[in-house]
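**Q** Have a look at this fold, sequence not included:
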């Protein structure tokens, strides 16, 4: 399968453990299989390479998100697909980034916090609820969900394949990808 | 004129006022005229968008250069030409960046410090020599020139056109650009 595509930024926002990395990983596999030009900007990778030293207060989070936005713009305006997986909790900052990128697709990777706390894959919710981790999104820090995301995936209700297919369909509907 | 090109990073290093921005501007014009996919990462733009808050001690300079390197790698491995104009005074840090980027072309924009201090376009050398500006490359901070740059331009001896042509020739000789 060969894919014709434009440059765009697929921005996955959602709370820790909601499935951003899993979904972006599955999307990357699909893009690679289709020989698309694609880069993944995962929150952790970016913190290491662009934002070392920044913390998790609002100002530092915003700076981190703006940097990811800056790099996403450089890549996507040159025809590259960028997949971003970052909590990006603040609505205004996401909107600011969106306003600077021509093809911006916001994906809300959503899962109720009760489910996230019950799953607690990394054991972080337990620590956050015990007050051992500060500035924890959804517990001690806000998460402002998108009001009108381009794609809403509900990882507590859908299979990974369903979520990935939803994203893929929106990209195709908008003419950002075309399968030959 | 249409240009076939690979992705590569053209890294202009040199002291303040040596002509990095002038040469990179002229190169950008030539690339744009040839409809190449190209991005300029100018030191000042990058400081605003990726490195706000960093200072000019060695550690902060190195962090800034590594970030430019990270972004250059993302772009150039996707077929984009990246022109970097950054003092990048430390040899080891430039070598570290070079080692991570497949097509890396180092351009030393060279000019004797006496000439730079005499020109002093921005009035910075005067201030640095008077001790009013700290961490000033070439005065109160080291500049480690490339030992074996891919291109050496001498802006005190060459016209802008000559310098740009030198760079262009090296890119063509290496097969990184092909004019049809």
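**A** That came through, no problem. Quick caveat: nothing in here was measured; it's all calculated off a predicted structure. Numbering: from 1, shown residues only, chains lettered A, B, ... in the order given.

**Q** secondary structure element for residue A:41?
**A** When secondary structure is defined using DSSP states H and E, the element that contains residue A:41 is strand A:38-42.

**Q** Can you list the strands that that strand pairs with?
**A** Sheet pairing for strand A:38-42, assigned by DSSP bridges, gives strand A:81-85 (parallel).

**Q** Enumerate residues external to the partner strand that contact any of its residues.
**A** A:5, A:7-12, A:20-21, A:23-24, A:27-28, A:31, A:36-43, A:68, A:71-72, A:75-76 (Cβ atoms under 8 Å, 6 or more residues apart in numbering or on different chains). Every residue, glycine included, has its C-beta placed from N, CA and C.

**Q** and the helix or strand harbouring residue A:21, what other elements does it pack with?
**A** When elements are defined using DSSP H and E, residue A:21 is found to belong to helix A:20-33. Using 3 or more Cβ pairs under 8 Å, 6 or more residues apart in numbering or on different chains; DSSP states H and E as the contact definition, the elements that helix A:20-33 packs against are strand A:8-13, strand A:38-42, strand A:81-85, strand A:104-110, helix A:160-173.

**Q** Low-confidence ranges, chain A, go.
**A** For chain A, the stretches flagged by pLDDT under 70 are A:1, A:180.

**Q** If I take the top helix by length along it and helix B:58-76, what angle do their directions form?
**A** With DSSP state H setting the assignment, residue counts place helix A:58-76 as the longest helix in chain A. Between helix A:58-76 and helix B:58-76, the angle comes out at 40 degrees (axes from the mean of the first three to the mean of the last three Cα atoms, to 10 degrees).

**Q** On the strand side of things, show who residue A:12 bridges to.
**A** The residues listed as beta-bridge partners of residue A:12 by DSSP bridges are residue A:85, residue A:107.

**Q** gap between it and chain B?
**A** Distance, residue A:12 to chain B, using Cβ to the nearest Cβ, to the nearest Å: 18 Å.

**Q** how about that residue, what does it touch?
**A** Residues in contact with residue A:12 (Cβ under 8 Å, 6+ apart) are A:20, A:23, A:24, A:83, A:84, A:85, A:86, A:107, A:109.

**Q** 7 Å instead, please
**A** Contacts for residue A:12 were tallied using Cβ atoms under 7 Å, 6 or more residues apart in numbering or on different chains; they are A:20, A:23, A:24, A:84, A:85, A:107, A:109.

**Q** Same check on residue A:138?
**A** Contact partners of residue A:138, counting by Cβ under 7 Å, 6+ apart, are A:15, A:113.

**Q** Now it. Its backbone dihedrals?
**A** Dihedral angles of residue A:138 (phi, psi; degrees, to the nearest 10) stand at phi 100, psi -20.

**Q** now do residue A:5
**A** Per-residue torsions, residue A:5: phi -150, psi 160 (degrees, to the nearest 10).

**Q** Run a quick neighbour tally on it.
**A** With neighbours defined by other Cβ atoms under 10 Å in any protein chain shown, the count for residue A:5 comes to 21.

**Q** which parts of chain A sit against chain B?
**A** Of all the residues in chain A, those in contact range of chain B (Cβ under 7 Å from any Cβ of the partner chain) are A:37, A:39, A:49, A:50, A:67, A:70, A:71, A:74, A:75, A:78, A:80.

**Q** Hmm, the third one is touching residue B:70, no?
**A** Yes - the pair formed by residue A:49 and residue B:70 meets the contact definition of Cβ atoms under 7 Å, at 4.4 Å.

**Q** The longest helix of chain A: which residues count as buried?
**A** A:61-76 (16 or more other Cβ atoms under 10 Å in any protein chain shown).

**Q** what angle do the strand holding residue A:41 and helix A:20-33 make?
**A** The directions of strand A:38-42 and helix A:20-33 differ by 170 degrees, with the same axes, to 10 degrees as the criterion.

**Q** For strand A:38-42, give me every contacting residue.
**A** Residues from elsewhere that reach strand A:38-42 (Cβ under 7 Å, 6+ apart): A:21, A:24, A:28, A:31-32, A:68, A:71-72, A:75, A:80-85, B:74, B:78.

**Q** Kindly state which of the helices and strands packed on helix A:20-33 is positioned closest to residue A:120.
**A** Between residue A:120 and the helices and strands packed on helix A:20-33, the tightest spacing by Cβ to Cβ is seen for strand A:104-110, at 16.6 Å.

**Q** tell me which residues of the helix or strand that comes right after the closest one are tucked away?
**A** Stepping forward along the backbone from strand A:104-110, the first helix or strand reached (DSSP H and E) is helix A:113-119. Within helix A:113-119, the residues that qualify as buried by neighbour count (16+ other Cβ under 10 Å) are A:116, A:117.

**Q** any idea whether residue A:135 is helix, strand or coil?
**A** Under the three-state scheme (DSSP: H, G, I helix; E, B strand; the rest coil), the conformation of residue A:135 reads as coil.

**Q** List the residues that contact it.
**A** For residue A:135, the residues meeting the contact criterion (Cβ under 7 Å, 6+ apart) are A:56, A:57, A:141.
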